[in-house]
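# Here's my sequence, what's the structure:
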Amino acid sequence: MHMAQTEPLQDAALARRIIGFLRGIGLAVEEAEVPEGSFLPGVRIAQGRLRVDLARLRWPGDLLHEAGHLAVVPAALRPAMDDALQELPAVPHGGEIEATAWAWAAMCHLGLPSAVLFHDGGYHGRAAGLRTTFELGVFLGASGLAAAGLTVLPAQVSPGGPRRIRTCWPGCAAERSHLHAPADAA
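Residues are numbered from 1 along each chain as shown. Got it, this is the predicted structure:
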């Protein structure tokens with residue numbers, strides 16, 4: 001299923017659903033004006049918070065990806081985060097690929113189609129390839145999330161053992177517990 005952009009009323013409802021989820025797991029989200037010309041229409045990171053302008057938001061899935069940048073960075077570093085993510089100190093397993101993997105897990109948790117996250121207007125023209133890659137079970141960035149303690153990979157789950165699944169990698173998350181943005185993410 002491919003969708004470049006949903007209808008405006010669906011966009012607002014979907015955006016509000018995503019915002020509620022992000023707030024529910026402890027990420028700071030505020031509705032405020034985002035100037036024209038921002039890197040992503042209607043969404044930006046400012047002082048460790050996700051700033052959302054529903055009037056300018058074009059693709060609700062961008063909220064998940066930008067939230068992923070916040071979620072994979074230790075809470076102590078988040079207040080210094082803004083759209084200039086390259087200016088952050090190096091954080092093991094806190095990069096673009098892990099943010100994408102986190103966003104995929106959040107999308108799965110919410111039961112959304114992959115085209116919400118990997119919409120045709122994003123990812124520098126590589127959205128269709130990313131949709132296919134993740135849909136085929138190649139979870140780019142999942143190893144980094146596991147190394148940071150944000151997920152358990154299918155190979156790490158012992159039969160009959162405890163399920164510490166915090167994200168929803170297919171085949172691994174028979175029980176879907178919540179995603180979170182731990183204060184101690186490394």
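
# give me phi/psi at Val29?
For Val29, the backbone dihedrals (degrees, to the nearest 10) come out as phi -130, psi 130.

# what pairs with the closest residue to it other than its chain neighbours across the strands?
Nearest residue to Val29, sequence neighbours excluded (Cβ to Cβ, 6 or more residues apart in numbering): Leu50, at 4.6 Å. For the C-beta atoms, the positions are set from N, CA and C on the backbone; glycine is no exception. Counting by DSSP bridges, Leu50 forms beta bridges with Val29, Ile45.

# What distance do you get for Trp102 to Glu31?
Trp102 sits 22 Å away from Glu31, going by Cβ to Cβ, to the nearest Å.

# that older thread, if I follow the layout properly, the residue nearest to Val29 ends up in contact with Leu27?
Yes: taking contacts as Cβ atoms under 8 Å, Leu50 lies within contact range of Leu27: 6.5 Å.

# what about the residue nearest to Val29, neighbour count?
24 (other Cβ atoms under 10 Å).

# who touches it in this structure?
By Cβ atoms under 8 Å, 6 or more residues apart in numbering, the contact list for Leu50 reads Leu22, Leu27, Ala28, Val29, Glu30, Val43, Arg44, Leu63, Glu66, Ala67, Leu70.

# between Leu50 and Leu27, what contacts are shared?
In contact with both Leu50 and Leu27: Ala67, Leu70, using Cβ under 8 Å, 6+ apart.

# Next one: the residue nearest to Val29 from Gly144, what distance?
From Leu50 to Gly144 the distance is 21 Å (Cβ to Cβ).

# where along the protein do the strands fall?
Using DSSP state E, the strands assigned to the chain run over residues 29-31, 43-46, 49-52.

# Can you add distance to Asp11 and give these back as CSV?
Output for the strands of the chain, formatted as CSV (distance: least, Cβ to Cβ, whole Å):
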stretch, distance to Asp11
strand 29-31, 14
strand 43-46, 12
strand 49-52, 12
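
# okay, those in TSV with mean pLDDT next?
Listed next are the strands of the chain as TSV, based on pLDDT from 0 to 100:
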stretch	mean pLDDT
strand 29-31	95
strand 43-46	91
strand 49-52	94
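
# Ala148: which of those strands is closest?
strand 43-46 (18.8 Å; Cβ to Cβ).

# how about that closest one: buried residues?
Val43, Arg44, Ile45 (16 or more other Cβ atoms under 10 Å).

# low pLDDT regions in this structure?
Low-confidence segments of the chain (pLDDT under 70): 1-10, 84-89, 157-158, 160-186.

# which residue ranges form the helices in it?
Here the chain has its helices, by DSSP state H, at 8-24, 61-71, 96-110, 114-117, 127-135, 142-147.

# So for Trp102 and Glu31, which sits in the more crowded spot?
Trp102 (29 against 15).

# wait, what's in contact with the residue lying closest to the more buried one once chain neighbours are set aside?
Of all residues not flanking Trp102 in the chain, Gly68 sits nearest, at 3.8 Å (Cβ to Cβ, 6+ apart). Under the criterion of Cβ under 8 Å, 6+ apart, the neighbours of Gly68 are Glu98, Ala99, Thr100, Ala101, Trp102, Ala103, Ala106.
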